[in-house]
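*Asks:* next one to model:
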Amino acid sequence: MSAATAAPLHLLALNPALDRGALARDFAVNQRLQIRDVLEPEAARELRKILAQHTPWGLAWSAGNDGPHGRRPDEIAALPAAERQRIAQNVADAAQRGDYAFSFARYPILDAYLGRWAPDSAHDILLEHINDQPFLDLIRSVTGITELIKADAQATLFAPSQFLGLHSDSHVGEGWRIAYVLSLAPDDWKPDWGGYLNFLDDDGDIIVGYRPRFNSLSLFAVPQPHLVSYVPPFAPVGRLSITGWFRDR
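*Replies:* Numbers count the residues shown, from 1 in each chain. All right, here's what the predicted structure looks like:
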């Protein structure tokens with residue numbers, strides 16, 4: 001088949017070698033797991049290209065009682081440098097006090113889809129693929145939650161000096177059941193670069209941490225205490241991913 005007539009790439013083309021039974025058994029133990037090589041390599045590479053080269057990044061942040069906030073790319077670009085510095089300092093001060101805080105680049109895929117920011121864009125298509133039966137069926141079979149009917153999505157980029165503080169995703173009343181992180185970070189992401197999805201026990205000890213491996217899908221039932229660890233200033237690249245929640249309503 002020629003390039004001109006080739007079928008369009010499915011952005012969430014699943015790896016046919018996934019052992020769903022084994023994955024379901026692993027998930028049942030602690031209500032979380034990381035699935036490696038979840039997509040066909042070509043699909044994963046295309047998704048990373050979309051995030052790295054074709055995503056207009058805004059900013060999400062929270063600093064204790066000040067937030068959460070989300071700003072579109074044009075709004076962030078219009079902010080004076082002094083205001084951006086003030087935001088960064090407020091986030092740092094809140095984290096230093098031990099208050100809930102976070103800062104990361106963000107493109108709200110669901111908001112963009114509903115608001116028709118860029119109709120028929122790759123981001124719109126991705127959201128439709130997340131909510132299509134093949135991907136939903138994978139999540140249902142692994143988690144055992146057959147009531148899952150839809151998911152939202154956002155693209156996230158944790159650049160150097162960004163992080164997501166400890167929280168539990170307790171929005172059960174909104175139908176949140178399963179949180180997900182589809183990692184599209186560089187293949188050779190180093191542990192020293194941070195950006196780990198860490199789960200903590202009641203004593204504050206890390207009981208498991210997932211490296212942001214390229215083409216991996218982390219799933220966990222909510223609520224569970226977790227965080228995304230600080231990406232240090234010397235990290236040469238950012239942590240790219242698609243994140244959100246699967247819902248039963």
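*Asks:* let me know the pLDDT of the residue nearest to Pro68 when sequence neighbours are not counted.
*Replies:* Excluding its sequence neighbours, the residue lying closest to Pro68 (Cβ to Cβ, 6 or more residues apart in numbering) is Ser62, at 4.1 Å. C-beta coordinates here come from the backbone N, C-alpha and C atoms, glycine included. On the pLDDT scale, Ser62 is placed at 98.
*Asks:* what of Asp93?
*Replies:* For Asp93, the predicted pLDDT is 98.
*Asks:* then Arg48?
*Replies:* 97.
*Asks:* try Ile130
*Replies:* As predicted, Ile130 sits at a pLDDT of 98.
*Asks:* show the contacting residues for it.
*Replies:* Leu12, Ala151, Ala153, Ile242, Gly244 (Cβ atoms under 8 Å, 6 or more residues apart in numbering).
*Asks:* name the SS class of the fourth one, please.
*Replies:* Reduced to three states with DSSP: H, G, I helix; E, B strand; the rest coil, the structure at Ile242 is strand.
*Asks:* ok, back up a step: Leu110: which of the contacts of Ile130 is nearest?
*Replies:* Closest approach to Leu110 among these (Cβ to Cβ): Ala153, at 5.8 Å.
*Asks:* my guess is the closest one contacts Ile242. True?
*Replies:* Yes - counting by Cβ atoms under 8 Å, Ile242 is a contact partner of Ala153 at 5.7 Å.
*Asks:* who touches both of those two?
*Replies:* Jointly contacting Ala153 and Ile242 under the rule Cβ under 8 Å, 6+ apart are Ile109, Leu126, Ile130.
*Asks:* find the nearest non-adjacent residue to the second one, please.
*Replies:* Spelled out, that is Leu126. Distance criterion Cβ to Cβ, 6+ apart; nearest residue to Leu126, sequence neighbours excluded, is Leu11 at 5.1 Å.
*Asks:* hey, what's the closest residue to Leu166 other than its chain neighbours bridged with?
*Replies:* Setting aside the residues directly before and after it, Leu166 is nearest to Leu227 in space (Cβ to Cβ, 6+ apart), at 4.6 Å. Taking DSSP bridges as the rule, Leu227 bridges to Asn198.
*Asks:* now Leu227: how far from Asp203?
*Replies:* Distance, Leu227 to Asp203, using Cβ to Cβ, to the nearest Å: 15 Å.
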